[in-house]
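# all I have is the shape, not the residue letters:
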């Protein structure tokens, strides 16, 4: 005699359960494998700075407006000179919770006026040289100097006469750097 099944039996068999789990596992593996990889925070920050440097250099060539990188201990600002004032184009702030632990600007040579052949305008070359004891350059106010004692301002000269520098972004697992050489070539590399 065949076994008698009760009315309205509820539940699933082991085979049905295994088939369902297999389908879910296969679908999730397809999603994981097709999702774009997540960039390391230090690499993402380095690529963002390189893109912004390239963009502002191209804008400077097209418009004739000067630009500069203002680097502080807690991040950087990219500014462009418009109608005698420096306007912020892009700003990045160090946030350890975001994954970037340290940020550093390393000038290739001592930070100095880099527009001797191109500019006579004091606003084009004003920046603070930390190594020179924090002396004010032409066009800078002394109060501004005191407020921004640990600031580097480097002119981003699209014609290649600018100061070469490196910016390091250190994350939890890796270090990335952005190099701008004296010919205006921007590169992003892993340290």
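On my side now, so go ahead. Computed from a predicted structure; not experimentally measured. Residues are numbered from 1 along each chain as shown.
# distance check, residue 11 against residue 154.
Counting by Cβ to Cβ, to the nearest Å, the gap between residue 11 and residue 154 amounts to 71 Å. From N, CA and C alone the C-beta is placed, and that goes for glycine too.
# more neighbours: which of those two?
Neighbour tally, residue 11 and residue 154, criterion other Cβ atoms under 10 Å: the higher count belongs to residue 154, 22 against 6.
# that one pairs with what?
residue 69 (DSSP bridges).
# test my guess that it contacts residue 107.
Yes: shown here, residue 154 and residue 107 form a contact pair, counting by Cβ atoms under 8 Å, at 7.3 Å.
# per-residue confidence at the residue nearest to residue 171 when sequence neighbours are not counted?
The shortest distance from residue 171 to any non-neighbouring residue, by Cβ to Cβ, 6 or more residues apart in numbering, is to residue 42 (3.3 Å). pLDDT recorded at residue 42 is 89.
# buried residues, stretch 57-76. List them.
Buried positions in stretch 57-76, judged by neighbour count with 16 or more other Cβ atoms under 10 Å: 57, 60, 66, 67, 68, 69, 70, 71, 76.
# pull the most distant pair out of these.
Spatial extent of the buried residues of stretch 57-76 (Cβ to Cβ) is set by the pair 60 and 71 at 18.1 Å.
# any stretches of the protein with poor pLDDT?
1-9, 36-37, 109-150, 158-162 (pLDDT under 70).
# how about the strands in it?
Remark: strands assigned in the chain by DSSP state E are 67-72, 75-82, 85-93, 100-107, 152-156, 165-171, 175-180, 186-190.
# nearest to residue 15, of the ones you listed?
Closest to residue 15 of the strands of the chain is strand 165-171 (Cβ to Cβ; 47.3 Å).
# sheet-wise, list the partners of that closest one with their directions.
Sheet pairing here is set by DSSP bridges, and for strand 165-171 it gives strand 100-107 (antiparallel), strand 175-180 (antiparallel).
# who touches the shortest one?
Contact with strand 175-180 is made by 40, 42-43, 45-46, 49-50, 53, 156, 162, 164-169, 185-191, as judged by Cβ atoms under 8 Å, 6 or more residues apart in numbering.
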